[in-house]
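Chemist: okay, structure incoming, though there's no sequence with it:
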């Protein structure tokens, strides 16, 4: 004889009964970058930045942990001193490179 199937339980305990919970997502920690240029930061900028092949505001922020406005001022200072030269001039991103003796 064929067995009769039991009806599903009326309680809501299955997969479809639970609502999907949205994940909280991962929140990136707010960066604590330097806002004021102290002597140690200034010396590091003057020593290290002119040796990099590619110099931009983003790279200064990333490597030296300085604020964006401080990075822009530092780049302008390095260019005025003649330690770096401009490659690309764009309204939002300026790209520089180190000076090479062959191009002078």
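Modeler: Structure received. The structure presented is a predicted model; accordingly, all values stated were derived computationally and were not measured.
Chemist: please count neighbours and contacts with C-alpha atoms only from this point.
Modeler: Will do.
Chemist: how close does residue 74 sit to residue 20?
Modeler: Distance of residue 74 to residue 20, computed by Cα to Cα, to the nearest Å: 50 Å.
Chemist: neighbour count for those two, which is higher?
Modeler: Counted by other Cα atoms under 10 Å, residue 74 and residue 20 do not tie: residue 74 has more neighbours, with 20 against 8.
Chemist: which intervals of the protein have sub-threshold pLDDT?
Modeler: The chain contains residues with pLDDT under 70 at 1-17, 101-104.
Chemist: so which residue is dead centre in it?
Modeler: Geometric centre of the chain, nearest residue: residue 62, 6.4 Å, by Cα atoms, centre = their mean.
Chemist: quick check: it vs residue 52, distance?
Modeler: In terms of Cα to Cα, residue 62 sits 13 Å off from residue 52.
Chemist: ok, residue 37 next?
Modeler: Taking Cα to Cα, one finds residue 37 at 20 Å from residue 52.
Chemist: so the residue nearest to the centre of the chain belongs to a helix, correct?
Modeler: Yes: assigned with DSSP: H, G, I helix; E, B strand; the rest coil, residue 62 falls within a helix.
Chemist: now for it: which residues touch it?
Modeler: Neighbour list for residue 62: empty [criterion: Cα atoms under 8 Å, 6 or more residues apart in numbering].
Chemist: so for stretch 46-53, what gets flagged as buried?
Modeler: 46, 49, 50 (16 or more other Cα atoms under 10 Å).
Chemist: need the distance between the two termini of that stretch.
Modeler: Stretch 46-53 stretches 15 Å from its first residue to its last (Cα to Cα).
Chemist: would you list every one of the strands in the chain?
Modeler: Listed in chain order, the strands of the chain (DSSP state E) span 55-56, 84-89, 94-98.
Chemist: let me have those in CSV, adding mean neighbour count and distance to residue 78 as columns.
Modeler: Converted to CSV, the strands of the chain look like this (neighbours: other Cα atoms under 10 Å; distance: least, Cα to Cα, whole Å):
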stretch, mean neighbour count, distance to residue 78
strand 55-56, 20, 10
strand 84-89, 15, 6
strand 94-98, 19, 10
